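Asks: I would like the atomic coordinates for the input below:
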Amino acid sequence: MARATWRDPARRVHTGTVPVPAATRRGDAVSLWTDDHGNAATAPPGTPDIALNAIGFGTGAFVGIALAAGGVLYARLRLVNARSAQEWEREWECVEPAWSGRLRPGQGAGDD
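Replies: Purely as a prediction, here's the structure:
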């Protein structure tokens with residue numbers, strides 16, 4: 001780290017402590033990244049970092065959408081299955097007495 005002085009694009013003078021290479025001598029010029037206000041900043045991320053972030057965010061979005069769609073599909077299938085089971089029970093109540101030969105409540109012999 002070294003104390004440095006630099007000018008921003010608007011020609012304003014700034015001073016601060018910045019990281020420098022180990023072999024830097026007093027008075028050597030060193031490249032410095034600055035933010036929009038002319039303050040010292042870290043270098044922007046490189047292409048590999050940007051690519052990894054994009055892949056990470058894309059994968060996360062895909063997984064989130066897939067999980068949400070799977071949850072909606074699961075809930076819908078549970079609803080359809082419950083309705084189907086209710087309908088089957090209702091139909092079976094009508095068919096079962098005739099199919100098994102059992103009398104329905106309130107039905108006497110020969111009331112077919």
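Asks: which residues in this protein form strands?
Replies: Listed in chain order, the strands of the chain (DSSP state E) span residues 2-7, 13-18.
Asks: show me what the last one is packed up against.
Replies: Read it as strand 13-18. Applying 3 or more CB pairs under 8 Å, 6 or more residues apart in numbering; DSSP states H and E, we find strand 13-18 packed against strand 2-7. (Each C-beta comes from the backbone N, C-alpha and C, glycine too.)
Asks: could you count how many residues lie near residue 46?
Replies: One way to gauge burial is a neighbour count; for residue 46, by other CB atoms under 10 Å, it gives 8.
Asks: same thing with residue 32?
Replies: 15.
Asks: and the pLDDT for it?
Replies: Reading off the per-residue confidence, residue 32 sits at a pLDDT of 83.
Asks: about what we covered before: can you put the strands of the chain in JSON lines and add distance to residue 24?
Replies: Compiled in JSON lines, the strands of the chain are given as follows (distance: least, CB to CB, whole Å):
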{"stretch": "strand 2-7", "distance to residue 24": "7"}
{"stretch": "strand 13-18", "distance to residue 24": "10"}
